[in-house]
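# Structure for the following, please:
(chains A, B, C and D)
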There are 2 protein chains.
Amino acid sequence: MVFPMKPNLPETHLEAWRRYYVSFWRIFAAIEADLQAAGLPSLSWYDALYELYLAPGRHLRMSELARSALLSRSGLTRLVDKLEKEKLIERKSCPKDGRVQHAVLTEQGVEMLRKIWPVYRAGIAKYFAAHLNEKEAREFARTIGKVATAMEPVCQKAVEAEAAKQA
Amino acid sequence: MVFPMKPNLPETHLEAWRRYYVSFWRIFAAIEADLQAAGLPSLSWYDALYELYLAPGRHLRMSELARSALLSRSGLTRLVDKLEKEKLIERKSCPKDGRVQHAVLTEQGVEMLRKIWPVYRAGIAKYFAAHLNEKEAREFARTIGKVATAMEPVCQKAVEAEAAKQA
DNA sequence: CGGGAAAAGTTGCAGGCGCAACTAAAAGCG
DNA sequence: CGCTTTTAGTTGCGCCTGCAACTTTTCCCG
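This is a model prediction of the structure:
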């Protein structure tokens, strides 16, 4: 029980949440520490570069990238500033729509992904995967996958709520 | 596959990681947004207050609290500054050891927990628990619990590594 | 067409956090 | 005892990030 108050949230689920919460922060901190120790940029850089790597043509609009990389638009602007300064990406304005900017992954950006990934992968393996056998991993992925996909529309809803506030 | 490179990390585990990662950030952001919308402080405040609530005598040394609340020592100092300013906790220096400070939960701190928890609980229920049945929740808690407990010594090790660096 | 509304990005600002350096107190040891 | 080392906590500084306000461009509709 997290706090003495009638729990309409079953104890099992609550315990699942607490372990989920602390495990995530611990793993996240450990991986970030490993990256820093290796003189590499943090996961937020990796996330952004990797989303571009996956995208067709290796480019995305700023706002698409912001959503994929789990950042606010302003946060992404600053991140892209830094990535561009390091020549890992390039900004290209869209000829069809003058408002739009595209972030394009450069060859050096791909190179950076290749440098980060081994360290990242080792962290995932050490801190997370090592404790799950094949069956557990499959079941875990299935369960948390439901949660992850269910949250996509919620993110959408947050945007809509903001829009509704204006009206 | 996250990046084309011989994966010594099985695909199943990798997929589990990716879903774990994105689901966590989405839920975390959603809960923080709910708290902010309700005019309540963020989860880091809750975590610290709640750890004090659980502690015998409702007090902890600064460094113990830092570890429990998943913060650095300096981060905790600032957080405690703010909590103290809001009279949610009090700093008490230890008579036995002049170096030690204790953070003590006040009655108003307990009151704040009571205000935050319903919103937090609703978020956990909506964004996380709603997507898991009883059996899934139990299995999930068991699996991620292994990871969480396995990470405790890693956190410990990080401290030791820092100590070793000096030697 | 023309003017207001909406959309995409950027920037000012402030808050949160960690690292490294610092201060104060206690412990170890010759 | 007195000096060095270690420990606990705080502070200076800089980075990262989000919110709100702003600019520019496009869309919508009379």
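# For chain A, which residues are neighbours of DNA strand D?
A:42, A:44, A:70-76, A:78-79, A:82, A:97-99 (Cβ under 7 Å from any atom of the strand). To be clear about C-beta, it is placed using only N, CA and C from the backbone, and glycine gets the same treatment.
# Give me the buried entries from those residues.
Among these, those classed as buried by 16 or more other Cβ atoms under 10 Å in any protein chain shown are A:S44, A:L70, A:L71, A:L76, A:L79.
# Look at A:N8 and report its pLDDT.
pLDDT, A:N8: 77.
# Now do the SS call for it.
coil (DSSP: H, G, I helix; E, B strand; the rest coil).
# from the residues of chain A next to DNA strand D, which are also near chain B?
Contacts with chain B within these, counted by Cβ under 8 Å from any Cβ of the partner chain: A:L70.
# Nearest to chain B among the buried ones among the residues of chain A next to DNA strand D?
Nearest to chain B among these: A:L70, at 4.8 Å, using Cβ to the nearest Cβ.
# show me what contacts that closest one?
Going by Cβ atoms under 8 Å, 6 or more residues apart in numbering or on different chains, A:L70 touches A:D47, B:V22, B:W25, B:R26, B:A29.
# right, is the helix or strand hosting A:D47 up against DNA strand C?
Assigned by DSSP states H and E, A:D47 belongs to helix A:43-54. No. Judged by Cβ under 7 Å from any atom of the strand, helix A:43-54 and DNA strand C are separated, with a smallest distance of 12.4 Å.
# Who are the packing partners of whatever helix or strand comes next after that helix?
Going down the chain from helix A:43-54, the next helix or strand is strand A:59-61, by DSSP H and E. Helices and strands touching strand A:59-61, by 3 or more Cβ pairs under 8 Å, 6 or more residues apart in numbering or on different chains; DSSP states H and E, are helix A:43-54, strand A:101-105.
# okay if I get those as JSON lines plus mean pLDDT?
Output for these, formatted as JSON lines (pLDDT from 0 to 100):
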{"stretch": "helix A:43-54", "mean pLDDT": "97"}
{"stretch": "strand A:101-105", "mean pLDDT": "97"}
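# Of the ones you listed, which is nearest B:L9?
Closest approach to B:L9 among the helices and strands packed on strand A:59-61 (Cβ to Cβ): helix A:43-54, 15.2 Å.
# For that closest one, C-alpha coordinates in CSV please.
Presented in CSV, the C-alpha positions along helix A:43-54 are these (Å, rounded to 0.1, in the frame of the first residue of the first chain):
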residue,chain,number,x,y,z
LEU,A,43,20.4,8.8,-24.5
SER,A,44,18.4,11.8,-25.7
TRP,A,45,20.9,12.3,-28.5
TYR,A,46,20.7,8.6,-29.3
ASP,A,47,17.0,8.6,-29.4
ALA,A,48,16.8,11.5,-31.8
LEU,A,49,19.5,10.2,-34.1
TYR,A,50,18.0,6.7,-34.1
GLU,A,51,14.5,8.0,-34.9
LEU,A,52,16.0,9.8,-37.9
TYR,A,53,17.9,6.6,-38.8
LEU,A,54,14.7,4.7,-38.9
